[in-house]
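> The sequence and its predicted three-dimensional model are supplied below.
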Amino acid sequence: MASLIGIDIGGTTIKMGQFKLTGALIKKWEIPTQTAFDGMFILNDIEASLSLEVNLLDVKGIGFGVPGPVNGSVVLEAVNLGWKHLDVAEVFKQKFPHIPVTVDNDANVAALGEALSREDAYPSMVFFTLGTGVGGGIVVDGKIVEGSHGAAGELGHMIIDLNGALCNCGQKGCLETIASATGVVRLAKKHGSDLTDAKAVFDAAKAGDLKALSAIDEMTDALALAMQHVAVTVDPDAFVIGGGVSKAGAFLIDKVKEKYQKMAFSDTKHVAFEQALLGHNAGMYGAFQAIKQKVMI
Ligand SMILES: [Zn+2]
């Protein structure tokens with residue numbers, strides 16, 4: 001039976017999934033990422049694992065998600081893997097010359113997975129991942145938006161507060177300094193709370209703690225503002241919120257949605273708000289969607 005493979009290469013594990021052309025997952029498995037010797041064994045390990053797990057004669061294409069900027073099939077730099085200027089398609093072709101591949105940034109394929117691998121797909125969707133940092137991805141008309149410098153979807157570095165806290169990127173007041181797990185804790189402290197992790201701040205806010213509520217209010221104000229800016233730029237069908245902080249669930253999403261709708265321009269107030277569905281498998285699903293688009297057109 002014809003199938004496609006989606007592979008999400010992370011710094012510690014490589015997640016692989018075999019899918020029917022329709023999108024149904026046939027099987028998934030993972031192997032550890034060997035980062036020794038500048039990651040030179042990673043693609044060998046993947047090739048060996050694929051030979052073991054699937055009948056390669058059935059495989060019509062393989063999609064990769066990698067943790068770093070990508071140009072075509074060249075990974076410009078993936079610090080967590082030890083890769084620099086590695087043409088994944090070129091290396092892969094030596095072993096499996098008949099199998100087409102796609103290579104994309106992991107945050108972008110995660111967005112593609114969250115946009116298209118759900119029952120009611122959103123052809124145009126903007127994905128915000130709120131974790132230790134803030135990441136994201138933009139999908140327009142079913143396609144990843146990469147931008148001219150590979151920076152499209154770097155939503156965490158949208159500047160929201162000109163006089164805000166210093167960001168890892170060197171600028172001040174980026175969304176990441178406010179809406180990440182670290183940002184939430186920083187805001188809680190600013191409002192006089194001594195809670196030291198984001199989940200505790202959300203739990204306290206849910207229970208009515210005023211200091212925690214002030215922190216979450218400030219955080220959701222910033223996130224809603226960022227979404228307003230994105231809405232008048234991209235005008236998506238949906239915003240999907242993922243990452244560890246999104247586990248706060250409806251409490252977070254309803255708050256952001258309400259604030260967003262108050263400042264939304266015209267009909268962009270009808271943008272759907274969703275919590276991410278795929279968790280750590282989003283990249284694997286999205287890598288499948290990317291290769292599906294390449295081979296099925
Ligand atoms: Zn920044």
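That came in fine, so what should we check first?
> make it CA atoms for all contacts and neighbour counts henceforth
Fine.
> Okay, domains of the chain per the record?
Taking automatic domain parsing as the reference, the chain has its domains at 3-111+280-295, 119-276.
> for the first one, how far is the first residue from the last?
Same thing as domain 3-111+280-295. Using Cα to Cα, to the nearest Å, the end-to-end distance of domain 3-111+280-295 comes to 11 Å.
> now swap in the last one and tell me
Across its full length, domain 119-276 reaches 13 Å between end residues, using Cα to Cα.
> Do me a favour and average the pLDDT over that domain.
Domain 119-276 carries an average pLDDT of 96.
> Any part of that domain near the ion?
Yes: contact of domain 119-276 with the ion (Cα under 5 Å from the ion) involves 157, 167, 169, 174.
> Mean neighbour count added to the domains of the chain, as JSON lines?
Shown next, in JSON lines, are the domains of the chain (neighbours: other Cα atoms under 10 Å):
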{"stretch": "domain 3-111+280-295", "mean neighbour count": "20"}
{"stretch": "domain 119-276", "mean neighbour count": "19"}
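> May I ask you to name the longest helix in the protein?
Scanning the chain for the longest helix, with DSSP state H as the assignment, gives helix 210-234.
> ok, and what's touching that helix?
With contact meaning Cα atoms under 8 Å, 6 or more residues apart in numbering, helix 210-234 is reached by 140, 158, 160, 175, 178-179, 183-184, 187-188, 190-193, 201-202, 204-206, 252, 255-257, 259-260, 263-265, 268.
> and if you look at stretch 8-18?
3-7, 25-35, 54, 64-67, 80-81, 106, 281, 283-285, 287-288.
> Using CSV, write out every CA atom in that stretch.
C-alpha atoms of stretch 8-18 as CSV (Å, rounded to 0.1, in the frame of the first residue of the first chain):
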residue,chain,number,x,y,z
ASP,A,8,10.6,15.3,13.0
ILE,A,9,14.2,15.5,13.9
GLY,A,10,14.6,16.9,17.4
GLY,A,11,17.7,17.4,19.5
THR,A,12,17.1,14.2,21.6
THR,A,13,14.6,12.1,19.7
ILE,A,14,13.6,11.6,16.0
LYS,A,15,9.9,11.0,15.6
MET,A,16,8.8,9.1,12.6
GLY,A,17,5.3,8.3,11.2
GLN,A,18,4.1,6.3,8.3
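> With that, I have no additional questions.
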